[in-house]
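Asks: sequence plus the predicted model coming up.
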Amino acid sequence: VHGDAELEAAIRRRIPASLALFMAHVDPETGRLPNWGANDGALIGVWTECEPEDFRPLLNALAHAVDRPLPFPPGPWDEELLWLHGPGALDADRSPDPPREPGDHRFWQQGLWIDRPSRSRFAVLRAGTIRSRYGQQADQLHVDLFVDGINLALDAGSFNYNKRPEDHNWFRGTRSHNTVLVGDVDQMVPHRTFKYLHWTRTASWEPRGHGLDYARIAAHDGYLRLPGAWLHTRMLARRGSTWCVVDRVAPTEPAAPPTDVALHWQLADLAHAWDEDTSTLSLEMPKGAPDPRWNVVVGCTDPTFHASTARASLDPVDGWHSRTYNHRDPALALSSAGTAAGPVWFVTLIGPEPASYRLEGEPEPRSLIVDDHPPIDLGAMHTPGYPGEKTDDWIPPSPLSPTQESLKRGLDVGLASVGLLGAAP
């Protein structure tokens, strides 16, 4: 941009917003961010010996470009500062307590809702209407969790675009994400190698007077296209050091046919123990971690649903993650799956202490009680689109344009003609 003052000024105006987004959910121990979207590990400008997934070189350089204190202490990531800004940049002021301060960080345009109770622990809920054809993955309501330098609940990434189709479709699809799969199909309709049709839309809101340290509810419309018009609604909540994820998956039309429903989690490949009786996966943290283990408890209101684990499976593909292109490592997969024709509720508890829960209310749960804590109100999850405490960042599903409506009608006819969406009109 040398010599183009207008372009340089425009870039400098955008840098603080990018810096705020990255700093809100970067892990200070590793420099990693959640492995969002079509992350193929590409790093065009290599200025340091740091790993491609380490964002500390970039974030220090961005901070210096807009005269902010450097967010990270001296280290090998400073080499990018030297190349881009000269030796004097190494003497710049540094932030005393990187990265972004703990809190509730909201990025509605990107569809990211971040609960950061401390520098070293944070959860991210992915809930945002698809607005671009680029970098799409079927990942609505996915939850990422970082704990003390470990990406405990993780996104699988991309791996490879040109090998087995079943690998590529798994990595980009709903099956590889920490969310719910309905009808054994992705939230969007796969089209060619990189595209999806029937883009998902979301709504997100904070429930009234929840009394928790954090609570966010979101819903997406990806499965309204299926017979029965299924809706997935998720609450991400936290009390103390335990995160709670509650899922309601329900048909919005009467007489829904029996439909496969599965809750799926991708977890760090740590030493572990699986207790099938309590559906608890106990993960051993690295030596010296503040908590020696973290526990993941899954449950379902339907007693016929079965919980199971997998690791590095090729048939069917499950239990993998990829940080760089064409390389994948094992991950622990935890699922609860079955068949239902009516509402199904899942509960996942993730925390350093063993936990138990019970759901109360008929015919569907109205409250969740974890251990002996006060009940968590689930009423706001029963009504699609209920805004709760409506704020400026609440996004109702936007109406389709006339062109989109025409495309949707054509898509529905095409799906119906091959038996994937009821009868053709």
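Replies: That came through, no problem.
Asks: just checking, residue 92 touches residue 69?
Replies: Yes - Residue 92 lies in contact with residue 69 (Cβ atoms under 8 Å); the separation is 7.2 Å. For glycine as for every other residue, the C-beta is placed from the backbone atoms N, C-alpha and C.
Asks: okay, the two: which has more neighbours?
Replies: residue 92 (16 against 13; other Cβ atoms under 10 Å).
Asks: distance from the chain centre to the helix or strand containing residue 263, please.
Replies: Using DSSP states H and E, the element containing residue 263 is strand 259-267. Distance, stretch centre to chain centre, for strand 259-267: 14 Å (Cα atoms, centre = their mean, to the nearest Å).
Asks: CA atoms of the next helix or strand after that strand as PDB?
Replies: Next helix or strand after strand 259-267 toward the C-terminus (DSSP H and E): strand 272-275. The C-alpha trace of strand 272-275 is given here as PDB (Å, rounded to 0.1, in the frame of the first residue of the first chain):
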ATOM      1  CA  HIS A 272      -9.100 -41.000  29.400                       C
ATOM      2  CA  ALA A 273     -11.600 -43.400  31.000                       C
ATOM      3  CA  TRP A 274     -15.100 -44.000  29.800                       C
ATOM      4  CA  ASP A 275     -17.800 -45.000  32.200                       C
END
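Asks: average pLDDT for whichever helix or strand comes after strand 272-275?
Replies: Next in sequence after strand 272-275, counting helices and strands by DSSP H and E, comes strand 280-284. Taken as a whole, strand 280-284 has an average pLDDT of 98.
Asks: helices or strands up against strand 280-284?
Replies: strand 272-275, strand 293-300, strand 332-340 (3 or more Cβ pairs under 8 Å, 6 or more residues apart in numbering; DSSP states H and E).
Asks: for residue 117, which of the ones you listed is the nearest?
Replies: strand 293-300 (14.5 Å; Cβ to Cβ).
Asks: now the closest one, how far from the chain's geometric center?
Replies: Taking Cα atoms, centre = their mean, one finds strand 293-300 lying 18 Å from the centre of the chain it belongs to.
Asks: ok, now stretch 79-93?
Replies: Distance of stretch 79-93 from its chain centroid, counting by Cα atoms, centre = their mean, is 34 Å.
Asks: got the end-to-end distance for it?
Replies: With Cα to Cα, to the nearest Å as the measure, stretch 79-93 spans 16 Å from end to end.
Asks: flag every buried residue along it.
Replies: For stretch 79-93, the neighbour count (16 or more other Cβ atoms under 10 Å) marks 79, 80, 81, 84, 89, 92 as buried.
Asks: ok, then the element right after the helix or strand the third one falls within?
Replies: Looking back up the chat, that one is residue 81. Using DSSP H and E, residue 81 sits in helix 79-85. Counting by DSSP H and E, the element after helix 79-85 in chain order, helix or strand, is strand 103-107.
Asks: what pLDDT, on average, does that following strand get?
Replies: Mean predicted confidence for strand 103-107 is 92.
Asks: neighbours of residue 109, just the number please.
Replies: Neighbour count of residue 109, defined by other Cβ under 10 Å: 13.
Asks: let's have the chain start at 49 instead
Replies: Taking 49 as the first residue, the last one we looked at is residue 157.
Asks: could I get the contacting residues of it?
Replies: residue 176 (Cβ atoms under 8 Å, 6 or more residues apart in numbering).
Asks: for it, give its distance to residue 180.
Replies: From residue 157 across to residue 180, the span is 11 Å (Cβ to Cβ, to the nearest Å).
Asks: ok, residue 116 next?
Replies: For residue 116, the distance to residue 180 (Cβ to Cβ) stands at 28 Å.
Asks: out of these two, which sits in the more crowded spot?
Replies: Neighbours per residue, other Cβ under 10 Å: of residue 116 and residue 180, the larger number sits with residue 116, 18 against 7.
Asks: is the more buried one in contact with residue 67, as I believe?
Replies: Yes - between residue 116 and residue 67 there is a contact under Cβ under 8 Å: 7.0 Å.
Asks: quick check: angle from the strand holding residue 311 to strand 328-332?
Replies: 20 degrees (axes from the mean of the first three to the mean of the last three Cα atoms, to 10 degrees).
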